[in-house]
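This is a predicted model, with the sequence first.
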Amino acid sequence: MSTRFWIALLVSMMTSAMIFGLGIVPVLAIPGLAEHAFALVPLVVVASFVIGAPLAWIIAPRLRARYWRGRPA
């Protein structure tokens, strides 16, 4: 398994948590959505994992030290 995979795995937990937080706040704060929270909360959980994994895959290469070195001219 590549280094990018392991970095993406760790980052996906954080990105999923951020997306979950961004999704759950409106569900609980807006009264119209709060009425349907029983159905919307599981939807937010699944959506956070589905969106968080590809986002972490995009972020992972940028976290490697090699990426930030100066490029030779």
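Good, I have the coordinates. Numbers count the residues shown, from 1 in each chain.

which residues of this structure score low on pLDDT?
65-73 (pLDDT under 70).

I figured Thr15 was touching Ile59, is that so?
Yes - counting by CB atoms under 8 Å, Ile59 is a contact partner of Thr15 at 7.0 Å. (Glycine included, C-beta is placed from N, CA and C.)

Between those two, which has more neighbouring residues?
Applying other CB atoms under 10 Å to Thr15 and Ile59 shows that Thr15 carries more neighbours, namely 21 against 15.

list the buried ones in stretch 45-64?
Ser48, Ile51, Gly52, Ala53, Leu55, Ala56, Trp57, Ala60 (16 or more other CB atoms under 10 Å).

Please identify which of the residues you listed is nearest to Thr3.
Nearest to Thr3 out of these is Ala60 (CB to CB; 8.4 Å).

ok, so what distance separates the closest one from Gly52?
To Gly52, Ala60 is 12 Å away according to CB to CB, to the nearest Å.

before we move on, what about Ile19?
For Ile19, the distance to Gly52 - CB to CB - is 5 Å.

what's the answer for Trp6, then?
Counting by CB to CB, the gap from Trp6 to Gly52 is 16 Å.

Equivalent analysis for Ile7, please.
14 Å.

Over to Pro31?
For Pro31, the distance to Gly52 - CB to CB - is 28 Å.

again with Ile24
14 Å.

any chance you could map the helices in this protein?
Using DSSP state H, the helices of the chain run over 3-29, 31-34, 37-59, 65-68.

Thr15: what's it in contact with?
Residues counted as contacts of Thr15 (CB atoms under 8 Å, 6 or more residues apart in numbering) are Ile51, Gly52, Ala53, Leu55, Ala56, Ile59.

how about a cut-off of 7 Å?
Thr15 sits next to Gly52, Leu55, Ala56 when contact means CB atoms under 7 Å, 6 or more residues apart in numbering.
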